[in-house]
Structures are given as C-alpha cells and as structure tokens.
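K.L.:
give me a 3D structure for the following:
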Amino acid sequence: MKRIQLFEFEDFNWFPKTIRSGMTNLIVVLHKMMGTKEVIANLLLDCREAYQFSKIVDMGSGSGGILPDAVAILNANNCENIIELLLTDLHPNPEIIKHIKNSGQKNVTYNSAPLDATNLTQAPSGLKTMLNSFHHMPPKKAKAILKTAQDNKQPILIYEMAQNTIPLILWWILLPLSLLILFVMALLMTPFSKPLTPMQLLFTYIIPIIPICYAWDGQASMPRTYTFKDIEHMLKDIKDENYKWKISPAKKANGKSSGYYILGLPTSDNRKQFA
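P.N.:
All right, here's what the predicted structure looks like:
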C-alpha cells in the first residue's frame, strides 16, 4: 500500500472539542472555496439515477460538513422528490446535535445514537455516505466498512477531496512550505467560519493552536489517502457478484479533477429500494 498511517489531531479522543470544532469549521470553508458541494451534489444525482433513494445516512459526520449544502442543492432542483439527510457519528457531539437542530436546515437531522461504520447490520436505511473521512480509517477498518456495506447490500458513496499522487519523498521535502501555506490560509479563512465563536478567534489569532493543528492535519491527510490501487487491494478478496464497485476521479462542471469517489451498489437482481 502506498497509503501510510500518519496521525491527525482530529483522531485523538483527548483532543479538545473547541479546537476540533474550529478546525472542522475551516474545512467547511475550504469545501466552499473548492466548489465541493456542487461536485458532491452531482455525484448524488448520478447515484440516484442508478439507485433510487430518498434518505442519505452520512457516517462520520463530525460537525456536519458540506453535505447539508449539497443536499440543499438537490432539493432545490427537485422539490417533488425531497431527500432527507441523517447525520451520524461514532461519537456524536451533543453540542453539534443541538446546533444542527437549531440551524433551521430543512430535512437535516443528527442522530444522537452512535453509528459504527464498520458494522451496518442495524444501521438506519438509506444511501450511506462518507465524505472526506475514509482516509482517517486504518486499512483494517477501511476494509471492514467496504465489506459491511457489501454484506448488508447497502449502497455506499465515499468521497475524498484529494488524491494521493505525490511521491512521499517529495511530500516530505515540501512539508515545511506546505505547513506555512495552510497556516496562513487558516488565518485568512477564519472570518468566514460559521459559527464564528470568541474561542475560535482566541485560539486562532492570540494563541494559534487551531491554525497549527489545521496545517498539520491538512498535510497529513495527503499520504493517508487511499490510492485506487490500495482500494482495489482491499476489495480483491471480498468482491461479491451481487454487488458492484466503482472507483473513479470526481470532476467539476468544467471537467477539472476534484478528488475521487468509491461507489458501491447492489446489483439489479438483488436491489432493494431504501426509504
């Protein structure tokens, strides 16, 4: 495997929620800058044409991310077939749940019960999604996620906004410059974060813990991202003729690359409609 298991601060249970929230707020801003919500909306639309669903169950949702915005685009363009979005996490944050509930976002709820993405036997029905979180999973867990989706005939869409294409030696050489660029970006993006709290301002401009951690996590995620060959390696001994997998680059409307996606669907002979 080309992918290597570096650490990210967001992975640690002891990591302060205030800092974590500040970082995830910046990631949402980055998604908006990169036009990710339109890319995801188009992926969901293509997926819906291949497999009918009216609910999305997002796994590893954290603070919500960009998916609510992508679903809003779909619902605005198709008012007759509204898609409901259920956000879930292995460790749901009560404060985030409360924020989502009070945000006024239509057709979006956050499940207070934990959901383990490696075991979908009792998962709520709907298209399963993982957005920019699959690279956090070590190979054993990543493979378990793919296998449980297939075993339970659950449709799943996994999206990563980056691809692991840079040689590792070059990544190390450029690391100091890359960290500095992301640090400065965090300072510039913070005013656009929502909600922008006094604590985020404090730990950005006075005690710059958020920019430092954001810069490291942003760079560490690159070599942690699974390549196409890595994914094929995980799938080769679990593939089932009753389930189809597709691994492909994701494209913007202008044809430019914007990460990649993994799509898993039950075959037509075994297809079920998910509410």
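K.L.:
excluding chain neighbours, what is closest to residue 132?
P.N.:
Leaving aside its sequence neighbours, residue 132 sits nearest to residue 161 (Cβ to Cβ, 6 or more residues apart in numbering; 5.4 Å). For the C-beta atoms, the positions are set from N, CA and C on the backbone; glycine is no exception.
K.L.:
how about the secondary structure of residue 264?
P.N.:
Applying DSSP: H, G, I helix; E, B strand; the rest coil to residue 264 yields a three-state assignment of strand.
K.L.:
that one against residue 244, yeah?
P.N.:
Yes - using Cβ atoms under 8 Å, residue 264 is in contact with residue 244, at 7.1 Å.
K.L.:
who's more crowded, these two?
P.N.:
Legend: neighbour count by other Cβ atoms under 10 Å for residue 264 and residue 244, higher for residue 264 (22 against 15).
K.L.:
show me what contacts that one?
P.N.:
By Cβ atoms under 8 Å, 6 or more residues apart in numbering, the contact set of residue 264 is 146, 149-150, 154-157, 243-246.
K.L.:
buried ones among those?
P.N.:
Among these, those scoring as buried are 146, 149-150, 154-157, 243, 245 (criterion: 16 or more other Cβ atoms under 10 Å).
K.L.:
give me the helices and strands touching whichever strand or helix holds residue 28, please.
P.N.:
Using DSSP states H and E, residue 28 falls within helix 17-34. Under the contact criterion of 3 or more Cβ pairs under 8 Å, 6 or more residues apart in numbering; DSSP states H and E, helix 17-34 touches helix 94-102, helix 168-189, helix 198-201, helix 209-224.
K.L.:
ok, which of those comes nearest residue 53?
P.N.:
Closest to residue 53 of the helices and strands packed on helix 17-34, according to Cβ to Cβ: helix 94-102, at 20.8 Å.
K.L.:
the helix or strand that that closest one is followed by pairs with which strands?
P.N.:
Remark: after helix 94-102, the chain's next helix or strand is strand 108-110, criterion DSSP H and E. Paired strands of strand 108-110, with direction, are strand 84-87 (parallel) (DSSP bridges).
K.L.:
output the strand it pairs with as CSV, restricted to C-alpha atoms.
P.N.:
The C-alpha trace of strand 84-87 is given here as CSV (Å, rounded to 0.1, in the frame of the first residue of the first chain):
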residue,chain,number,x,y,z
GLU,A,84,-33.7,13.6,3.8
LEU,A,85,-30.3,13.7,5.4
LEU,A,86,-29.4,11.9,8.6
LEU,A,87,-26.0,12.8,10.1
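K.L.:
how about residues contacting that strand?
P.N.:
Taking Cβ under 8 Å, 6+ apart as the rule, strand 84-87 contacts 54-58, 61, 64, 67-68, 71, 100, 107-111, 124, 126.
K.L.:
I'd like the distance from stretch 144-164 to the chain centre, please.
P.N.:
Centre-to-centre, stretch 144-164 and its host chain are 11 Å apart (Cα atoms, centre = their mean, to the nearest Å).
K.L.:
start and end of it, how far apart?
P.N.:
End-to-end span of stretch 144-164 (Cα to Cα, to the nearest Å): 21 Å.
K.L.:
now residue 228, nearest residue through space, not along the chain?
P.N.:
Nearest one to residue 228, counting by Cβ to Cβ, 6+ apart, is residue 247 at 5.3 Å.
K.L.:
repeat that for residue 35.
P.N.:
In this structure, residue 35 finds its nearest non-sequential neighbour in residue 252, 6.0 Å apart by Cβ to Cβ, 6+ apart.
K.L.:
ok, the one you found touching residue 41?
P.N.:
No - here residue 252 does not reach residue 41: they are 11.4 Å apart, not a contact under Cβ under 8 Å.
K.L.:
who's more crowded, the two?
P.N.:
residue 41 (21 against 15).
K.L.:
how about stretch 239-255: buried residues?
P.N.:
243, 245, 247, 250.
K.L.:
quick test: name the residue nearest the centre of this structure.
P.N.:
The residue lying closest to the centre of the chain (Cα atoms, centre = their mean) is residue 131, at 1.7 Å.
K.L.:
isn't it up against residue 69?
P.N.:
No - Residue 131 is beyond contact range of residue 69, at 11.2 Å (criterion: Cβ under 8 Å).
K.L.:
sorry, back to before: can you say which of the contacts of strand 84-87 are buried?
P.N.:
55-58, 61, 64, 67-68, 71, 100, 108, 110-111, 126.
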